[in-house]
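Visitor: sharing a sequence plus its predicted fold:
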Amino acid sequence: MQPSLKKHALAQHLLNSCVERNFRQQAKPYIKRIFQRITQVPVLLAVIAQTIALFAVLAIVKLISLLAITYFNGVINYPFFLLVCMQALMASLVSYSLGMASWWRAIHFIFPLAVWLMCLWQLPNQIYLAGLILSFSVFWSTFRSQVPFFPSRPIVWQRLAKLMPQARSVRLIDIGSGLGDVAMHIAKLRPDSQIEGIEVAPLPWLVSYLRAKLQRSNAIFKLGDYRSLNFAHYDVIFAYLSPVAMPALWQKASQEMRSGSLLISLEFDIPGVASSLRIAGSKNAPMLYVWKLP
């Protein structure tokens with residue numbers, strides 16, 4: 001090769017390397033941003049986990065079949081139940097590898113088994129429709145809000161009541177109030193105060209509303225998104241949301257809540273924001289985080 005052609009080839013190689021390196025540097029933030037968005041949507045991450053598990057199981061089955069044919073001249077017939085169990089176990093392991101919460105691992109394990117049982121029992125279509133409507137009524141907002149249904153325990157209600165200012169009446173709201181247990185318990189202990197709950201899912205809100213009416217509770221339940229509220233109207237805000245929702249909650253609270261008011265979160269901390277008080281959790285109750293607005 002002539003010297004000029006060698007120089008041209010070398011220059012072309014360097015140019016291609018620079019272009020490729022520049023492309024990787026520019027693409028890396030976009031890929032990272034896409035991955036972060038995926039991990040912030042648990043439902044989408046769950047679909048990915050089940051898909052990865054399915055391909056992993058198929059690959060394992062294919063490999064074992066090839067080994068059986070190559071070394072033992074035989075064909076393996078897999079019981080369908082065994083494949084379902086492999087899918088359940090693999091999906092649970094994948095969800096663990098992806099850093100999903102512990103309850104998601106249980107869901108991933110149970111889901112394939114539940115689908116197999118429903119197919120085996122040949123349930124009427126009306127049951128599937130009823131289940132879909134019920135699930136939609138309870139969890140329809142989870143994909144958008146990224147806050148699943150989390151019921152709390154009585155010990156949490158008691159600790160919350162002790163954290164409230166005792167010398168004066170207060171206005172408290174439970175955002176994501178679910179079936180209304182927290183608000184009705186506090187309303188019973190503090191009849192001098194205004195206790196409210198807001199829930200975005202229709203069915204839990206309806207249950208809490210009817211329960212309050214039947215029990216003649218002073219608690220008030222609203223159907224809606226807490227982001228539409230003005231936090232300046234409240235002395236205490238209690239939240240049991242999810243890790244993904246906490247930064248946005250703090251942004252709203254820090255902008256709207258009055259000085260001296262309390263933001264209380266069950267189990268989930270706010271990244272980068274030091275809490276004023278932490279009440280250690282136990283087997284039956286997660287940790288409580290308290291922020292007193294300056």
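Guide: Structure's in. What do you need? Residues are numbered from 1 along each chain as shown.
Visitor: so what are the domain limits for this structure?
Guide: The chain breaks down into these domains under automatic domain parsing: 40-122, 154-292.
Visitor: highest average neighbour count across those domains?
Guide: The highest mean neighbour count among the domains of the chain, using mean count of other CB atoms under 10 Å, belongs to domain 154-292: a mean of 17. The way it works is simple: take the backbone N, C-alpha and C, and place the C-beta from them, glycine included.
Visitor: circling back to that earlier point, worst mean pLDDT among the domains of the chain?
Guide: Note on the domains of the chain: lowest mean pLDDT is at domain 40-122, with a mean of 82.
Visitor: now it, how far from the chain's geometric center?
Guide: 22 Å (CA atoms, centre = their mean, to the nearest Å).
Visitor: try stretch 191-204
Guide: Distance of stretch 191-204 from the chain centroid (CA atoms, centre = their mean) equals 21 Å.
Visitor: quote the end-to-end distance of that stretch.
Guide: With CA to CA, to the nearest Å as the measure, stretch 191-204 spans 23 Å from end to end.
Visitor: so where does Pro112 fall, helix or strand?
Guide: helix 102-121 (DSSP states H and E).
Visitor: other SSEs contacting that helix?
Guide: helix 42-72, helix 80-97 (3 or more CB pairs under 8 Å, 6 or more residues apart in numbering; DSSP states H and E).
Visitor: so which of the ones you listed is nearest Ala161?
Guide: When those are compared by CB to CB, helix 42-72 sits nearest Ala161, at 31.0 Å.
Visitor: could you tell me the angle between that closest one and helix 102-121?
Guide: 60 degrees (axes from the mean of the first three to the mean of the last three CA atoms, to 10 degrees).
Visitor: just the strands in this protein please.
Guide: 171-175, 194-199, 220-223, 236-239, 262-266, 277-279, 288-292 (DSSP state E).
Visitor: adjacent strands (with direction) for the last one?
Guide: Spelled out, it's strand 288-292. strand 262-266 (antiparallel), strand 277-279 (antiparallel) (DSSP bridges).
Visitor: closest to Phe72 out of those?
Guide: That would be strand 262-266 among the strands paired with strand 288-292, by CB to CB, at 56.3 Å.
Visitor: ok so, going back, now tabulate the strands paired with strand 288-292 in CSV and tack on distance to Ile198.
Guide: What follows is the strands paired with strand 288-292, written out as CSV (distance: least, CB to CB, whole Å):
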stretch, distance to Ile198
strand 262-266, 15
strand 277-279, 24
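Visitor: distance of the nearest residue to Ile155 once chain neighbours are set aside from Leu229?
Guide: Closest residue to Ile155 apart from its sequence neighbours, by CB to CB, 6 or more residues apart in numbering: Ala285 at 4.5 Å. According to CB to CB, to the nearest Å, Ala285 and Leu229 sit 26 Å apart.
Visitor: try Leu179
Guide: Distance from Leu179 to Leu229, by CB to CB: 20 Å.
Visitor: what's near enough to touch Asp174?
Guide: Val182, Ala183, Ile186, Ile195, Glu196, Gly197, Ile198, Phe238, Ala239 (CB atoms under 8 Å, 6 or more residues apart in numbering).
Visitor: quick one: the last one and Leu249 touch, right?
Guide: Right, Ala239. Yes. Ala239 is within contact range of Leu249, at 6.1 Å (criterion: CB atoms under 8 Å).
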